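Visitor: Please work out how this folds:
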Amino acid sequence: MLESVRKAVFPAAGLGTRFLPATKSLPKEMLPLVDKPIIQYGVEEAVGSGIGDIVIVTGRGKSAIEDHFDVSFELEYLLEARGQKALLEAVRAISDKVNVAYIRQSQALGLGHAVLRSRDLVGDEAFAVVLADDVIVAPTPCLAQLLAIHRTFRAPVMAVMEVPPEQSPAYGMVQAEQLSERVFRVRDLVEKPKAGDSPSNLAIIGRYVLTPRIFDSLACVGPGAGSEIQLTDGLKHMLRETPLYAYKFEGTRYDAGDKLGFLKATVELALRRPDLGPGFRDYLRALPL
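Guide: Numbers count the residues shown, from 1 in each chain. Prediction:
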């Protein structure tokens, strides 16, 4: 019987150079989209998909992430004393629902290396990987969509989306056999191919459900694109012995690791909010563009 996926790994040790100088002292994952940090959207997606054990791979200067998911006794006591129940519930909303463990990635050696660092905390079971930069809004959480495919095929699965050819150098790209409208059997993977060299228009997005076999593969592969250990290379190595699947997820994805994508996410997430949307929409319409 296929065991349920209980753990999600969040690589969060990157330097966030695209957001300097803001990220000189503030982790990129803690930049707020409206009133929640980027990483909380991913953690809430994991919780909404039935996953409550969170493993965050951090690095130097990332203690704000640990503080955010910890209990803040003084703040909660103050809010309760003032009768600010809505704010108190907002503060407790996520910390009450997850168990969070942390492991350090002492050097920024790539996404694959970050995932490999989680090996002892994940153990010998299937697990999810969530890249918090990819904020995905969907009626059914993207991770829940992948878990359904994982249960069907009993194999690793990754989220993909179609991108124009000129954007392929920014992604891991897959060559795949289409099995249904949204499901693909992966035949090959290429990390950040040159424009025109991509095997397809299907780009890997930051959601995965993986089996522990990936750890052996990551330990075998050497540095790839950018002189880093790439998760895509580990998946390609694992493909020799294990079938891989890709799922073209339903939902809207925002690249919050990019300045323009971050701005788009901020605006559109604000517009979706019933408490902010109407007034913000009126403001935008009135701008002298």
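
Visitor: Can you classify Arg281 by secondary structure?
Guide: helix (DSSP: H, G, I helix; E, B strand; the rest coil).

Visitor: Now it. Nearest residue, chain neighbours left out?
Guide: Leu271 (5.9 Å; C-beta to C-beta, 6 or more residues apart in numbering). (Glycine included, C-beta is placed from N, CA and C.)

Visitor: Check for me that that neighbour belongs to a strand.
Guide: No - counting by three-state DSSP, one finds Leu271 to be helix, located in no strand.

Visitor: which residues touch it?
Guide: By C-beta atoms under 8 Å, 6 or more residues apart in numbering, the residues touching Leu271 are Gly277, Phe280, Arg281.

Visitor: can you check Met158 too?
Guide: Counting by C-beta under 8 Å, 6+ apart, Met158 has contacts 146, 174, 186, 204-205, 207-209, 235, 244-247.

Visitor: What is the nearest of those residues to Val5?
Guide: Comparing the contacts of Met158 against Val5 with C-beta to C-beta places Val209 closest, at 6.1 Å.

Visitor: name the element the closest one belongs to?
Guide: Element membership for Val209 (DSSP states H and E) is strand 202-210.

Visitor: downstream neighbour of that strand in the secondary structure list?
Guide: Next along from strand 202-210, by DSSP H and E: helix 213-220.

Visitor: quick revisit: roughly how far apart are the residue nearest to Arg281 and Ser168?
Guide: Distance, Leu271 to Ser168, by C-beta to C-beta, to the nearest Å: 30 Å.

Visitor: same deal with Leu116?
Guide: Noted for Leu116: a distance of 26 Å to Ser168, by C-beta to C-beta.

Visitor: Run through the strands of this structure in chain order.
Guide: Assigned by DSSP state E, the chain shows strands spanning 7-11, 32-33, 36-37, 53-58, 99-104, 127-130, 134-137, 157-162, 172-178, 183-191, 202-210, 245-248, 252-255.

Visitor: could I get the ones you listed as TSV with distance to Glu80?
Guide: Listed next are those as TSV, based on distance: least, C-beta to C-beta, whole Å:
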stretch	distance to Glu80
strand 7-11	29
strand 32-33	24
strand 36-37	21
strand 53-58	25
strand 99-104	23
strand 127-130	31
strand 134-137	31
strand 157-162	40
strand 172-178	46
strand 183-191	48
strand 202-210	36
strand 245-248	43
strand 252-255	34
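
Visitor: would CSV of the ones you listed with distance to Asp67 and mean pLDDT be doable?
Guide: CSV is the format used below for the strands of the chain (distance: least, C-beta to C-beta, whole Å; pLDDT from 0 to 100):
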stretch, distance to Asp67, mean pLDDT
strand 7-11, 15, 95
strand 32-33, 15, 94
strand 36-37, 11, 92
strand 53-58, 12, 93
strand 99-104, 11, 90
strand 127-130, 20, 97
strand 134-137, 21, 96
strand 157-162, 30, 96
strand 172-178, 32, 91
strand 183-191, 34, 92
strand 202-210, 24, 95
strand 245-248, 34, 97
strand 252-255, 25, 96
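
Visitor: Now do Glu166: how many residues are near it, please.
Guide: When neighbours are defined as other C-beta atoms under 10 Å, Glu166 has 9 of them.

Visitor: Going forward, count from 54.
Guide: Okay, using 54 as the starting number, the last item reads as Glu219.

Visitor: what's it in contact with, if anything?
Guide: Ala248.

Visitor: swap in the one 3 residues further on?
Guide: Counting by C-beta under 8 Å, 6+ apart, Pro222 makes contact with Lys245, Pro246, Lys247, Ala248.

Visitor: redo that, cut-off 10 Å
Guide: Listed by C-beta atoms under 10 Å, 6 or more residues apart in numbering, the contact partners of Pro222 are Glu244, Lys245, Pro246, Lys247, Ala248, Gly249, Asp250, Ser251, Ala278.

Visitor: tell me the pLDDT at it?
Guide: On the pLDDT scale, Pro222 is placed at 89.

Visitor: repeat for Leu141
Guide: On the pLDDT scale, Leu141 gets 76.

Visitor: ok, it - how many residues close by?
Guide: As a burial measure, Leu141 scores 17 neighbours (other C-beta under 10 Å).

Visitor: Thought Glu129 was touching it, still the case?
Guide: Yes - with contact defined as C-beta atoms under 10 Å, Leu141 reaches Glu129; the gap is 6.2 Å.

Visitor: circling back to that earlier point, ok, which of the strands of the chain comes nearest Phe122?
Guide: strand 152-157 (4.8 Å).

Visitor: for the closest one, packing partners?
Guide: Under the contact definition 3 or more C-beta pairs under 10 Å, 6 or more residues apart in numbering; DSSP states H and E, strand 152-157 sits against strand 60-64, strand 106-111, helix 116-121, helix 164-170, helix 172-175.
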